[in-house]
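K.L.:
give the three-dimensional model of this entry:
(2 chains)
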Amino acid sequence: AAGVIQSPRHLIKEKRETATLKCYPIPRHDTVYWYQQGPGQDPQFLISFYEKMQSDKGSIPDRFSAQQFSDYHSELNMSSLELGDSALYFCASSFGSYNEQFFGPGTRLTVL
Amino acid sequence: QQQVKQSPQSLIVQKGGIPIINCAYENTAFDYFPWYQQFPGKGPALLIAIRPDVSEKKEGRFTISFNKSAKQFSLHIMDSQPGDSATYFCAATSGSYNTDKLIFGTGTRLQVFP
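P.N.:
Residues are numbered from 1 along each chain as shown, chains lettered A, B, ... in the order given. Got it, this is the predicted structure:
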């Protein structure tokens, strides 16, 4: 069965650079969520989209922005990167809200 | 403030044992409680989930017990195997439109020895 696809899988950036993470949801899924997971931490919700509209927002820094496109894929844009942004970034998708969320393999971002 | 409290932080059992992981919540608006299994460097994988209208749900070797009045739920892993060694997260969500983000517990690192 098709799963959530995230790219790139690994990303190394310098401080103050920008990064773009991409997420391709499971086919027919219309809702995308972004989570950030620090080392040894639980995933923390960042932002979500339903039918290309932002549906909820968590503890996402103003330096980050995201959008969902007409084909339902989503991109998380991160600017002015800081050392503390180093983490695993997961995308999850579901069919409609209030349904099972399936996670992708994650993007490991390292900021040097 | 952790909205979903999970214990223990780590758990060691022998093969065939029945590890039990407990979670508690305060927000009575929560009405969907999934459990995720995560291996190092991988994404969380949905294991099993329960809604508050049932007190128990079983899928294969995994069982969720749910106590609505106590606002607690737990995961039991029957006949545990070394391959079950992973970090387990409970989670909760309100299920309301536009607020279905998952709130995770702090995780339990399970080690199953042969």
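K.L.:
least confident secondary structure element in chain A?
P.N.:
Lowest mean confidence among the helices and strands of chain A (mean pLDDT, DSSP states H and E): strand A:53-57, at a mean of 91.
K.L.:
what about that strand, near chain B?
P.N.:
Yes: part of strand A:53-57 sits near chain B under the criterion CB under 8 Å from any CB of the partner chain, namely A:55, A:56. From N, CA and C alone the C-beta is placed, and that goes for glycine too.
K.L.:
the residue most central in space within chain A pairs with what?
P.N.:
Centroid-nearest residue in chain A, with CA atoms, centre = their mean: residue A:34, separated by 3.5 Å. Beta-bridge pairing for residue A:34 (DSSP bridges): residue A:47, residue A:91.
K.L.:
need the contact list for it.
P.N.:
Residue A:34 is in contact with A:23, A:45, A:46, A:47, A:48, A:60, A:66, A:74, A:76, A:89, A:90, A:91, counting by CB atoms under 8 Å, 6 or more residues apart in numbering or on different chains.
K.L.:
how does it look with 6 Å?
P.N.:
A:46, A:47, A:76, A:91 (CB atoms under 6 Å, 6 or more residues apart in numbering or on different chains).
K.L.:
can you give me the pLDDT of it?
P.N.:
Note for residue A:34: predicted pLDDT of 97.
K.L.:
over to residue B:100?
P.N.:
The predicted local confidence for residue B:100 is 82.
K.L.:
residue B:67 now?
P.N.:
Model confidence at residue B:67, given as pLDDT, is 95.
K.L.:
next: residue A:17.
P.N.:
98.
K.L.:
tell me, how many residues neighbour it?
P.N.:
14 (other CB atoms under 10 Å in any protein chain shown).
K.L.:
wait, a helix at residue B:83?
P.N.:
Yes: under DSSP: H, G, I helix; E, B strand; the rest coil, residue B:83 falls within a helix.
K.L.:
so, low pLDDT: which residues of chain B?
P.N.:
Counting by pLDDT under 70, the ranges of chain B that qualify are B:1, B:95-99.
K.L.:
that one: strands as residue ranges?
P.N.:
All strands of chain B, identified by DSSP state E, fall at B:4-7, B:10-14, B:20-25, B:33-38, B:45-50, B:56-59, B:62-67, B:72-77, B:86-92, B:103-104, B:108-113.
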